[in-house]
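Undergrad: give me a model of this one.
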Amino acid sequence: MSPRFRLATLTVVVASAIAMVLPAAAAPRTDDDLVQVGTFAYLTQPDFRGLAAIGSVLTDETLGLGTFDNLDGEFVMVGGRAYQVKTDGVPRPVDPDLRTPFLQAVRFQPERSGPVPPGTRCDQLTPIIDTLAGSTDGIVAVRVRGTFSDLEARSVSPVPPPFKPLAEVVASQTVFPRGSVRAVLVGFRQGTTALGVGQPGLHLHGLTASHNAGGHILSCAAGPDVQITIDTVPQVRLATP
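TA: So this is what the prediction gives:
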């Protein structure tokens, strides 16, 4: 943990019936804990000020998403490599000193996987995830990769204070139509027991296979070779100042 920013770490235990915030000592850490800075509820206050330097909270995580101070682009982590995607749509390696108001990352350890039927839209993936996880509750880390058609991503420009509501900021997003492309999409499915922790439902960011484009995924359709893999999250290490 970096001395530049001390964090009080809480544990959100994601159970089948309730999500609770507990002292970190209440539950032993596991290898597949979700490391998180801020909450989706924090963003919707709205408040987009960075809470922590990214390098101060990430250790050996390999998959994640989030944003940056004042919503300065999209955070995408694939295979342990983190990128910032601004409104030009180009992924750049993340400076660890950059701060984030919201970030979710996990050491992705695949539990179950399966094919995605060709033509399946991104907004139709949740039932597949729930079936693989065996539950609609809690938080599930997700990786979807293969060839997609009609892939569309987005990013937003930095928003200085006083902050507008998140919905207004997103309304002025920059959209990148990518058409047919090989890509990897990563993110998290938040069930009702994790409301307010992450974005409700399925939240995906992504990168093309060549890592030359990416962003927050708005829509897509699965091609003939798309595979989905999940890792259920037992608990969330929620870092706050």
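
Undergrad: quick one, helices of the chain?
TA: Remark: helices assigned in the chain by DSSP state H are 40-43, 126-133, 166-171.

Undergrad: from the centroid of the chain, which residue is nearest?
TA: Leu65 (3.1 Å; CA atoms, centre = their mean).

Undergrad: per-residue confidence at it?
TA: Each residue has a pLDDT score; the one for Leu65 is 98.

Undergrad: how about Thr240?
TA: Predicted confidence (pLDDT) for Thr240: 68.

Undergrad: and if you look at Pro127?
TA: According to the prediction, Pro127 has pLDDT 97.

Undergrad: what about the helices of the chain, which gets the closest to Leu238?
TA: Closest to Leu238 of these is helix 40-43 (CB to CB; 10.5 Å). Heads up, the C-betas are built off the backbone N, CA and C, glycines and all.

Undergrad: give me the buried positions along that closest one.
TA: Of all the residues in helix 40-43, those buried under the rule 16 or more other CB atoms under 10 Å are 40, 42-43.

Undergrad: which of those residues sits closest to Val106?
TA: Taking CB to CB as the measure, Val106 sits nearest to Phe40 out of those, at 16.3 Å.

Undergrad: that closest one contacts Leu103, doesn't it?
TA: No: the pair Phe40 and Leu103 fails to qualify as a contact (CB atoms under 8 Å) at a distance of 11.4 Å.

Undergrad: got the contact list for the nearest residue to the residue nearest to the centre of the chain once chain neighbours are set aside?
TA: Of all residues not flanking Leu65 in the chain, His205 sits nearest, at 4.1 Å (CB to CB, 6 or more residues apart in numbering). Each residue near His205 by CB atoms under 8 Å, 6 or more residues apart in numbering is listed here: 65, 74-76, 85, 185-187, 214-217.

Undergrad: go again with 6 Å.
TA: Counting by CB atoms under 6 Å, 6 or more residues apart in numbering, His205 makes contact with 65, 74, 76, 187, 216.

Undergrad: equivalent analysis for Thr229, please.
TA: Counting by CB under 6 Å, 6+ apart, Thr229 touches 110, 113, 143.

Undergrad: with distance to Phe48 added, can I get the contacts of His205 in TSV?
TA: As requested, the contacts of His205 are exported to TSV (distance: CB to CB, whole Å):
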residue	distance to Phe48
Leu65	16
Glu74	13
Val76	18
Gly187	20
His216	15
